[in-house]
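J.: sequence plus predicted model, see below.
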Amino acid sequence: MSRYSPADIEPRWQAAWDADGTFTARRDNDRPKYYVLEMFPYPSGRIHIGHVRNYTMGDVIARYKHATGHNVLHPMGWDAFGMPAENAAMASGGHPKDWTYANIADMRDQMKPLGLSIDWSREFATCDPEYYGQQQALFLDFLQEGLVYRKNAVVNWDPVDMTVLANEQVIDGCGWRSGAPVERRELTQWFFRISDDAEELLDALDGLENWPEKVRTMQANWIGKSRGLQFAFPLTEPVHGHAGVEVYTTRPDTLMGASFVGLSVDHPLARALEADNPKLAAFAAECRRMGTSEEELEKAEKRGFDTGLRVRHPLDPSWELPVWVANFILMDYGTGAVFACPAHDQRDLDFARKYDLPVRDTFLALDDPTPVADTAFVPPKTEPVRWIDHFAGLDVATGEEAIEATIAKAEADGWGEGRTQFRLRDWGLSRQRYWGCPIPVVHCDTCGVVPEKKENLPIRLPDDVSFDQPGNPLDRHPTWRDVPCPACGAPALRETDTMDTFVDSSWYFARFTAPDAATPTNPEDAAYWMNVDQYIGGIEHAILHLLYSRFFARAMHRCGHLPAEAIEPFGALFTQGMVTHAIYQTRDAQGRPVYHLPEDVIELSANGGRQVVLRHDLLVKEGASDDELYLLAQGNDLTVEVIPSAKMSKSKRNVVDPAAIIAQFGADTARWFVLSDSPPERDVEWTASGADAANKHLARVWRLAEACRQAGGAAEDPAASPGTPDHDLARATARVIVDVTAGIEGFAFNGAVAKLYAFTNAIAKSKASPAAQARALRTLAQLMAPMTPHLAEEIWSMLGGAGLVATTPWPHADPALLVEDTVTLPIQINGKRRSELQVPKDLDKAGIESRALADPAVQRALDGAAPKKLIVVPGRIVNVVV
RNA sequence: GCGGGCGUGAUGGAAUGGUAGACAUAUCAGACUUAAAAUCUGAAGGGCGUAUGCCCGUGUGGGUUCGACUCCCACCGCCCGCACCA
């Protein structure tokens, strides 16, 4: 073999790891355990270059931890339930099960050539009955613990397809297939009591020190703890049994600015009024035509309806306020009713201006007593403001102080009560769909809702279902529903709702610790392997998946399925960015964009830069220069517009297929590329030239190793004396060990890659002996092994390394080789760098000062005068102010 | 709309409040070659200058500091999430 040949190298080393069982995880109390997990994929059928990046990052950590003496668990599975499988079945007639398992097989085949250090013996899919049966057991335990209950909730209802729609299936208020306007409909649904844990889930965020701050902030905001006042506005006349309207507000201090009382469309009073007010009923019906998503509600035009009812202000019985029904008030939050203070809430102000309702200031800025006009005055609650006619006697005070004073006064006077409120709602898990985990309960006419017996689990999905009509096939199945009641044995009906797929992904990490256990977890395995030491996934999961998993871990602990230490299941979290790619676009005769696949375009070096043109027979010309080809392309309308850095999407045709990359360059190139350039938390742009360059570099490393081997580099090398090329190379080696180790530990893989480039350049330029070079190259192999494991094994074995790099301990830097005795200090004059100074590392401040002042550039700037100020930061910088 | 994040050469990016642009891509020049590819060597933020050097420069506008890509305020643009997409 005379050149770098990944097609030969990669399968060979993968076979060697398999034969050695290198990545099979077993409990071992002699080594510290390390559990690294990447968020498992949905089996869409093709792996995506984004998956490659995600799993490569996890693999770097897993292999590095392996080398540092840890007993590593690095499993893989499939988040296999969900809508796309049903959509595929509806579109092309197959079965969700066949579609899903075929996709899993395809994706596994695409993933294995990446050479990931995964323990494939633990693999499972959430649609395996062995997995979802254990999930049903968990559900029954949660039910017994009172962690699950039923209540009514609204869903998007497609009146034509007679089916429930997901939010993403509602487009501009209409069903995606039928196009019919969506209605809101109430159904009895199952809920997890996650809101009972709101306080705990919030407080425990403080302990998650190795989570990104932004994720903790997002979760805290999502849980949304607030302190406020609950009180009633008495109705001037009782109506439909309501004597008043209970409201909850976080700004009771602005009560004197109240303009009107607003009710949610779904508020009991609003509903009661609807019955004998056709206009209100029409308004409500219109509001209910919107989808259920909060985003849609918030973006919609704020609209209201005056009910004609009046309430009395609690502080002034002679002051009457109108009661409106408004489309922006959520029934799920607080009491479903609010009072509006337009002066200090922009949404209320817009509403008040629209419907000509009063606007009353309750406080003004200290430095600007202008009353509110078209912009609400909403200062931070910590900023002091001047109060107008405050009922608790405040003059200048902050919002916080005023809120507490108001709550205290309301409680003392007995018309209101301070209350802590959370935005977090209970987690609705019912889905009216087939391809999900069946909820294991039975509905009996005499016994009511009865849990299934555990010995009947798993409750399997029936295979004989059809998708030729919309709706839930479980509902339509001729026999599946019919079961005897587990309590009384009488004929009863099985629940046909299945579980939200978030349930599947809320405990898979625990199942990986004992994937074959006959109970959801095995206590010894869970105690040994949990928690996940490093979890890696996309920022898009910052809130829901991670919050639900945190809740599940607590719930599983309560039912005895996880140890107390595992209630925070993810010790460290890293959120990686996407892989993006340029979009290649031309325009058709009508000027509409036409997109082209990366393989259908050619890059030319023409016009002094990089030009992209369509691949075309006209451009196949022997011996033509790029400039000539580009002119030809311009003449034939073959030039392509390049839109840089867009999220990969099928419709824009900018998807890069990892299989093609591996076939062309090998897995190590793909891995090296996705780790280089961009910091892992940021998006990375996939470019053909970047992939090519990564491949060139790996080929160069291979050639260096081959040249070294031929020069007899595997020989023993004696210790080098200072000043020799051998010693310089040894120092560079020590330095790069420290830098790459820090890069991996700190998730700065791009930085580690840059240091490895520089180290490779240093070896290439070094005049060191073959034996010394071989030593440096073996260290290079060790440092590259987490990233490009196949090439690393190859070099290691070429240059006399013993055994597998994958099982060789991580290199240590010799501290003696890291010592620097001089340091270069930049000299700034008035904050701008003007010169520099070489000084002994341990020179004191005074010594540095005198040398800095003697510097010619400083002398010139001072021009005989004394410096105004002299700042010396030893080891860092000198700044002379003149 | 609300919550969170990001913004640095032609490009991806580097930089504990301390030399802005490491490392790489693209580009240009040179070596090798009959030629090309590959490989190797070198140049390179923009402007002025033969040059020592000087001015400008991290989305925009302000501020704090001896010193700001970094901290604070406002704005602009893009990305993620918004509870039934996964």
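T.: Looks like it arrived, so ask away. Numbering: from 1, shown residues only, chains lettered A, B, ... in the order given.

J.: going forward, measure contacts and count neighbours with C-alpha atoms only.
T.: Fine.

J.: which SSE is immediately downstream of the lowest-mean-pLDDT helix or strand in chain A?
T.: Taking mean pLDDT, DSSP states H and E as the measure, the helix or strand of chain A with the lowest value is strand A:641-647, at a mean of 64. Heading C-terminal from strand A:641-647, the first helix or strand you meet, by DSSP states H and E, is helix A:658-665.

J.: hmm, that following helix touching RNA strand B?
T.: No: using CA under 7 Å from any atom of the strand, helix A:658-665 stays clear of RNA strand B, with a minimum separation of 13.0 Å.

J.: which secondary structure elements does that helix contact?
T.: Packing contacts for helix A:658-665, counted by 3 or more CA pairs under 8 Å, 6 or more residues apart in numbering; DSSP states H and E, involve helix A:667-675.

J.: need the residues that contact the helix it packs on.
T.: Counting contacts by CA atoms under 8 Å, 6 or more residues apart in numbering, the residues outside helix A:667-675 that touch it are A:6, A:10, A:52-53, A:56-57, A:113-115, A:658, A:661-662, A:684, A:686, A:690-691, A:694-695, A:698, A:749-750, A:753, A:787-791.

J.: now that helix, how far from the chain's geometric center?
T.: Distance of helix A:667-675 from its chain centroid, counting by CA atoms, centre = their mean, to the nearest Å, is 22 Å.

J.: that helix and RNA strand B in contact?
T.: No: using CA under 7 Å from any atom of the strand, no contact is recorded between helix A:667-675 and RNA strand B, whose separation bottoms out at 8.8 Å.

J.: now the angle from that helix to helix A:658-665?
T.: Inter-element angle recorded for helix A:667-675 and helix A:658-665: 120 degrees (by axes from the mean of the first three to the mean of the last three CA atoms, to 10 degrees).

J.: what's the burial count for the residue in the stretch 251-400 of chain A that RNA strand B sits nearest to?
T.: The shortest separation between the stretch 251-400 of chain A and RNA strand B is 3.3 Å, found at A:Ser293 (distances taken as CA to the nearest atom of the strand). When neighbours are defined as other CA atoms under 10 Å, A:Ser293 has 14 of them.

J.: show me the contacts for the closest residue to it other than its chain neighbours.
T.: Nearest residue to A:Ser293 in three dimensions, chain neighbours excluded: A:Asn167, at 6.5 Å (CA to CA, 6 or more residues apart in numbering). Applying CA under 8 Å, 6+ apart, we find A:Asn167 in contact with A:Asn156, A:Gly291, A:Thr292, A:Ser293.

J.: of the residues you listed, buried ones?
T.: Applying a neighbour-count criterion of 16 or more other CA atoms under 10 Å, the buried members of the contacts of A:Asn167 are A:Asn156, A:Gly291, A:Thr292.

J.: can you name the residue of the stretch 651-800 of chain A nearest to RNA strand B?
T.: Per CA to the nearest atom of the strand, the residue of the stretch 651-800 of chain A with the smallest distance to RNA strand B is A:Ala754, at 3.5 Å.

J.: quick one, what contacts the nearest residue to that residue once chain neighbours are set aside?
T.: With CA to CA, 6+ apart as the criterion, A:Ala754 has its nearest non-adjacent residue at 7.4 Å, and that residue is A:Ser676. By CA under 8 Å, 6+ apart, the contact list for A:Ser676 reads A:Phe749, A:Asn750, A:Gly751, A:Val753, A:Ala754.

J.: my guess is the first one meets A:Pro680, correct?
T.: Yes: assessed by CA atoms under 8 Å, A:Phe749 is found in contact with A:Pro680 at 6.9 Å.

J.: looking only at neighbour counts, state which of these two leads.
T.: The neighbour count for A:Phe749 versus A:Pro680, taken as other CA under 10 Å, is higher for A:Phe749 (26 against 23).

J.: distance of that one relative to A:Ile536?
T.: Using CA to CA, to the nearest Å, one obtains 14 Å as the distance from A:Phe749 to A:Ile536.

J.: one more: A:Pro234?
T.: Applying CA to CA to A:Pro234 and A:Ile536 gives a distance of 53 Å.

J.: A:Trp120 too?
T.: Counting by CA to CA - A:Trp120 and A:Ile536 are separated by 18 Å.

J.: mind checking which of these two has more residues around it?
T.: Looking at A:Trp120 and A:Ile536 with other CA under 10 Å, you find the greater number of neighbours at A:Ile536, namely 20 against 17.

J.: dump the residue contacts of A:Lys652.
T.: Counting by CA under 8 Å, 6+ apart, A:Lys652 makes contact with A:Ile583, A:Tyr595, A:His596.

J.: can we see that at 6 Å?
T.: When contacts are counted by CA atoms under 6 Å, 6 or more residues apart in numbering, A:Lys652 touches A:Tyr595.

J.: what does the stretch 751-882 of chain A have sitting close to RNA strand B?
T.: Neighbours of RNA strand B within the stretch 751-882 of chain A, by CA under 7 Å from any atom of the strand: A:751, A:753-755, A:757-758, A:761, A:764-765, A:824-826, A:830-834, A:869, A:871, A:873, A:876-879, A:881.

J.: among those, which lie within helices?
T.: Among those, the members falling in helices are A:Gly751, A:Val753, A:Ala754, A:Lys755, A:Tyr757, A:Ala758, A:Asn761, A:Ala764, A:Lys765 (criterion: DSSP state H).

J.: quick one: those as JSON lines, columns for pLDDT and neighbour count too.
T.: Below are these laid out as JSON lines (pLDDT from 0 to 100; neighbours: other CA atoms under 10 Å):
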{"residue": "A:Gly751", "pLDDT": "92", "neighbour count": "21"}
{"residue": "A:Val753", "pLDDT": "95", "neighbour count": "23"}
{"residue": "A:Ala754", "pLDDT": "94", "neighbour count": "16"}
{"residue": "A:Lys755", "pLDDT": "94", "neighbour count": "18"}
{"residue": "A:Tyr757", "pLDDT": "94", "neighbour count": "14"}
{"residue": "A:Ala758", "pLDDT": "93", "neighbour count": "14"}
{"residue": "A:Asn761", "pLDDT": "93", "neighbour count": "13"}
{"residue": "A:Ala764", "pLDDT": "93", "neighbour count": "14"}
{"residue": "A:Lys765", "pLDDT": "90", "neighbour count": "10"}
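
J.: burial count for A:Ala337?
T.: A:Ala337 has 27 neighbours, counted by other CA under 10 Å.

J.: for the stretch 551-700 of chain A, give me the ranges with low pLDDT.
T.: By pLDDT under 70, the low-scoring segments of the stretch 551-700 of chain A are A:578-580, A:582, A:591-593, A:599, A:603-611, A:619-627, A:641-651.

J.: all strands for it, in order.
T.: All strands of the stretch 551-700 of chain A, identified by DSSP state E, counting those that start in this stretch, fall at A:573-576, A:579-587, A:593-596, A:601-606, A:609-614, A:641-647, A:684-686.

J.: just checking, what packs against the shortest one?
T.: Contact here means 3 or more CA pairs under 6 Å, 6 or more residues apart in numbering; DSSP states H and E; on that basis strand A:684-686 packs against strand A:579-587.

J.: please name the residues that touch the residue nearest the centre of chain A.
T.: The C-alpha lying nearest the average C-alpha coordinate of chain A belongs to A:Ile539 (CA atoms, centre = their mean; 1.9 Å). When the contact criterion is CA under 6 Å, 6+ apart, the partners of A:Ile539 are A:Thr575.

J.: before we move on, what about A:Thr575?
T.: Going by CA under 6 Å, 6+ apart, A:Thr575 touches A:Ile536, A:Gly537, A:Gly538, A:Ile539, A:Glu681.
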